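Colleague: Could you work out the structure for the sequence below:
(one chain, ligands or ions: 2)
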Amino acid sequence: MERVIIFDTTLRDGEQAAGGSLNIQEKLEIARQLEKLGVDVIEAGFPASSPGDFEAVRTIVKEIHTPTICALARAHPNDIDRAGEAIKEAKQPRLHVFLSASDIHLVYQLKKSRQEILEMARSMVARAKKYVDDVEFSPMDASRTEPEYIYQILEAVIDAGATTVNIPDTVGYAIPNEFGSLIEGIFKNVPNISRAIVSVHCHNDLGLAVANSLESLKRGARQVECTINGIGERAGNASLEEIVMAIKTRKDFFNLTTNINTTQIYKTSRLVSELTGFPVQPNKAIVGANAFRHESGIHQDGVIKMPITFEIMDPKTVGIPASSLMLGKLSGRHAFRERLAELGYSLTEENFNRAFSAFKELADKKKRVTDRDIESLIAEEQRTISEVYHLDRIQVSCGDRGIPTASVILIAPDGQALADAALGTGPVDAVYKAINRIVGVPALLTEFTVKSVTEGIDAIGEVLIRIESDGITYTGRGADTDIIVASAKAYMNALNRLLAAKKMAG
Ligand code: KIV
Ligand code: ZN
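Modeller: Ligands and ions are numbered 1, 2, ... in the order given. Sure thing, here's the model as predicted:
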């Protein structure tokens, strides 16, 4: 069976999704998990787009060694030099150059002729080749470009040294049969195509990203670009887990394989959702909460008798925890450590100790601690590791009489305890105003959602917020059995990210 190269662009195109920005530590954490998942290529960022992205790519290059690390660049000398610089220490570096190809982009955006674009593509691939052997080229908006012109560009860039040619359906316009024909046409009409891998990169504007990607594999493409949970620009990119599981489940049809360790899919999906703040819809294929739940009696009966009656995949194959074991307040360090290992966590001793005390505190309030509770609790602990200000305590008074009031104590970066109080229209408003009085950084709250992690009135509440400052959105998350405390933690998380970003920008 031939192998498909899985090129993950969660950290680049995925992060381009509105409101999905990640800091360097978060990108590194996702990159580590992508390495465990077994992706072949990680597109780590777009170094010329910001100093933060440049640093993130360099950090990933230093820490992640198994997959190829790829940096994106426009077909501009400065972009290529920045990308080349960012990946120069990678064990297996790749430079990905892209340039618009469609007449729509050439006429309205770039104001250049086809001949000029052809020349830019050729010379910028040659420039990239001075930094690395592994060069990928993408003619942007390929699905709206005349195929004959795509063939010409591809021939030119392969002659200039491109080793992968990627065909993007940038605006999610393609239909599977038509996109497949384009891929087939490339094999037939580009004379030097055997010197390059043909890749596809599909967006989901018509909900066809996965279908277009799979059709392209059927027609000979051997690299597919995708993101975890399908996050990305607008309606997103093709979803990695859907493509990989389609190839695996229907190997009779595709006769292909991948290097993906599918048992890491669920964990990767949870991590990306947690760090980007994009929830996974319950009916999302493969990783949604309902993906393996059977509600109808007939289906339940069938699955009990023989899972294959209504299940085409075993949930264990994608790493969905069996969830049979619940922990409680009598569970000790050993049981907790074992459960963490089963869930795929390996914490340092210091972080384990912090997590264990948080677990004990939770088990005092909540009778049965589930896997989802543990995931939420670990995520909460990890969020507080590199804080600027730390939430020490809050006290609120609220109700349908009187004015909601909050007092807050924060620990400042120099270790000083800073206290303040405020009134608000409700308890969350009062808490946020008290925090603002201490931190003193103006920000606009643009989104606030609260949901419970599990069923039951003693459940942990998770709060997700987004705040905006100087046109940039920062996401914050917080979890606690008290939703006002969770709201305060989420606000502190967003403010800490804002402060860290401002510090980094100087
Ligand atoms: O969608 C697109 O065209 C891209 C390119 C940079 C490959 O993301
Ligand atoms: Zn894209």
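Colleague: Secondary structure element for K451, which one?
Modeller: K451 belongs to strand 444-452 when assigned by DSSP states H and E.
Colleague: Can you give me the buried ones in that strand?
Modeller: For strand 444-452, the neighbour count (16 or more other C-beta atoms under 10 Å) marks F448 as buried. From N, CA and C alone the C-beta is placed, and that goes for glycine too.
Colleague: In its sheet, which strands sit next to the helix or strand just after it, and in what direction?
Modeller: As assigned by DSSP H and E, the chain's next helix or strand after strand 444-452 is strand 461-469. Paired neighbours of strand 461-469 in the sheet (DSSP bridges): strand 444-452 (antiparallel), strand 472-480 (antiparallel).
Colleague: weakest of these in terms of mean pLDDT?
Modeller: Lowest mean pLDDT of the strands paired with strand 461-469: strand 472-480, a mean of 90.
Colleague: Around ligand 1, pick out the residues from this protein.
Modeller: Within the chain, the positions near ligand 1 by C-beta under 6 Å from any ligand atom are D13, F98, S138, M140, P168, T170, H201, H203.
Colleague: Would you list the phi and psi of the fourth one?
Modeller: Spelled out, it's M140. phi -60, psi 150 (degrees, to the nearest 10).
Colleague: Please name the residues that touch the residue nearest to it when sequence neighbours are not counted.
Modeller: Closest residue to M140 apart from its sequence neighbours, by C-beta to C-beta, 6 or more residues apart in numbering: S100 at 4.4 Å. Taking C-beta atoms under 8 Å, 6 or more residues apart in numbering, we find S100 in contact with L106, Q109, L110, I117, P139, M140, D141.
Colleague: What residue in the stretch 401-506 of the chain comes nearest to ligand 1?
Modeller: Nearest to ligand 1, among the residues of the stretch 401-506 of the chain, is T473, at 20.3 Å (C-beta to the nearest ligand atom).
Colleague: isn't L444 right next to D470, touching?
Modeller: No. Between L444 and D470 there is no contact under C-beta atoms under 8 Å: 10.4 Å.
Colleague: in stretch 36-51, what counts as buried?
Modeller: In terms of neighbour count (16+ other C-beta under 10 Å), stretch 36-51 has its buried residues at 37-49.
Colleague: again but with stretch 110-125, I slipped
Modeller: So, applying 16+ other C-beta under 10 Å, buried residues of stretch 110-125: K112, I117, L118, M120, A121, R122, M124, V125.
Colleague: Touching, the second one and L99? I think so.
Modeller: The one in question is I117. Yes. If you go by C-beta under 8 Å, I117 and L99 touch, sitting 6.3 Å apart.
Colleague: any idea of the pLDDT on the closest residue to the residue of the stretch 401-506 of the chain closest to ligand 1 other than its chain neighbours?
Modeller: The shortest distance from T473 to any non-neighbouring residue, by C-beta to C-beta, 6+ apart, is to G19 (4.9 Å). On pLDDT, G19 comes in at 78.
Colleague: With G180 instead?
Modeller: Listed pLDDT for G180 reads 98.
Colleague: Also A322?
Modeller: pLDDT, A322: 63.
Colleague: quick one on the thing from earlier: gap between the residue nearest to M140 and I183?
Modeller: According to C-beta to C-beta, to the nearest Å, S100 stands 20 Å off from I183.
Colleague: any chance you could map the strands in the stretch 151-300 of the chain?
Modeller: For the stretch 151-300 of the chain, the strands defined by DSSP state E, counting those that start in this stretch occupy 164-169, 197-202, 223-226, 256-257.
Colleague: For the spatially closest residue to G185 that is not a sequence neighbour, which residues are in contact?
Modeller: In this structure, G185 finds its nearest non-sequential neighbour in P147, 5.2 Å apart by C-beta to C-beta, 6+ apart. For P147, the contact set (C-beta under 8 Å, 6+ apart) comprises L182, G185, I186, N189.
Colleague: Excluding residues flanking it in the chain, which one is nearest the last one?
Modeller: In other words, N189. Spatial nearest neighbour of N189, excluding adjacent residues (C-beta to C-beta, 6+ apart): Y151 at 4.5 Å.
Colleague: Quick check, that neighbour in contact with F187.
Modeller: No. Y151 is beyond contact range of F187, at 10.3 Å (criterion: C-beta under 8 Å).
Colleague: And the strands in the stretch 301-450 of the chain?
Modeller: Ranges of strands in the stretch 301-450 of the chain, per DSSP E, counting those that start in this stretch, are 390-397, 405-411, 417-423, 444-452.
Colleague: The longest helix along the chain: which residues count as buried?
Modeller: Taking DSSP state H as the criterion, the chain has its longest helix at helix 483-505. Neighbour counts over helix 483-505 (16+ other C-beta under 10 Å) mark 483-501 as buried.
Colleague: what's the burial count for P77?
Modeller: Other residues lying near P77 total 12 when counted by other C-beta atoms under 10 Å.
Colleague: these two touch, right, it and R127?
Modeller: Yes. Using C-beta under 8 Å, P77 is in contact with R127, at 6.3 Å.
Colleague: Skipping adjacent residues, who's closest to G424 in space?
Modeller: A430 is the one closest to G424 (C-beta to C-beta, 6+ apart), at 3.1 Å.
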